[in-house]
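1. got a sequence here, can you model it:
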Amino acid sequence: MTAFLQAYAIPCACAFLACVGFTLVFNIHGVGKLIAGVGGALGWLIYLLLGQSIFASFLAAAAIGLFAEVMARVRLCPVTGYLLVALLPLVPGGGIYHAMRYCVEGDTARFLSTLLQTLGSASALAVGAMLASSLFRSVFPHFHWSGK
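-> Prediction:
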């Protein structure tokens, strides 16, 4: 049980809290804060379960994209806020930092390796979110919740 908590539950809870905090920047109110937090936790869980690879980033971003599209239509809100907030925990900021550190230190091999991994992860996030959103909009062009 403690291994599960350390490996999945605590990191997902931290991603949830980070996303809820970022909703202040994106001016998301009420239940939208919780929805954005759940989206971030969902993406982080998928990323952890699939092994923290570029493909895991792609699938996590695709899941977040689908989640954001559905929730935005259910709540009649813009998709952008939910999508961007939920993607924030997956952004490879540490990879960018380490790549630049290796560059300054003159470690070319580690710099290039880290830079390519970081660019791959960032690209996977963009493509995954964009692809999921585009596919959802083409398959369900008139999907919306009427509130009745």
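2. residues touching stretch 97-112, excluding its own?
-> Residues outside stretch 97-112 that contact it (Cβ atoms under 8 Å, 6 or more residues apart in numbering): 114-115, 118. Quick note: C-beta positions are derived from backbone N, CA and C, even for glycine.
3. got CSV for those residues, with neighbour count, secondary structure and pLDDT too?
-> As requested, those are exported to CSV (neighbours: other Cβ atoms under 10 Å; DSSP: H, G, I helix; E, B strand; the rest coil; pLDDT from 0 to 100):
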residue, neighbour count, secondary structure, pLDDT
Thr114, 22, helix, 96
Leu115, 17, helix, 96
Thr118, 21, helix, 96
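4. poorly predicted segments of the chain, please.
-> Low-confidence segments of the chain, defined by pLDDT under 70, are located at 144-148.
5. dump the residue contacts of the spatially most central residue of it.
-> The residue lying closest to the centre of the chain (Cα atoms, centre = their mean) is Leu87, at 2.5 Å. Going by Cβ under 8 Å, 6+ apart, Leu87 touches 40, 43, 61, 64, 125, 129.
6. which residues does the fourth one contact?
-> What that stands for is Ile64. Ile64 neighbours (Cβ under 8 Å, 6+ apart): 39-40, 42-43, 83, 86-87, 90, 128-129, 132.
7. which residues in this structure form helices?
-> In the chain, the segments counted as helices under DSSP state H are 2-4, 10-22, 31-49, 54-75, 79-87, 93-105, 108-139.
8. how about the fourth one: buried residues?
-> With burial defined by 16 or more other Cβ atoms under 10 Å, the residues of helix 54-75 counted as buried are 54, 56-73.
9. got it, and the third one?
-> Neighbour-count burial for helix 31-49, with 16+ other Cβ under 10 Å as criterion, is recorded at 32-33, 35-48.
10. swap in the longest one?
-> Buried residues in helix 108-139, counting neighbours by 16+ other Cβ under 10 Å, are found at 111, 114-115, 117-118, 120-122, 124-125, 128-129, 132-133, 136.
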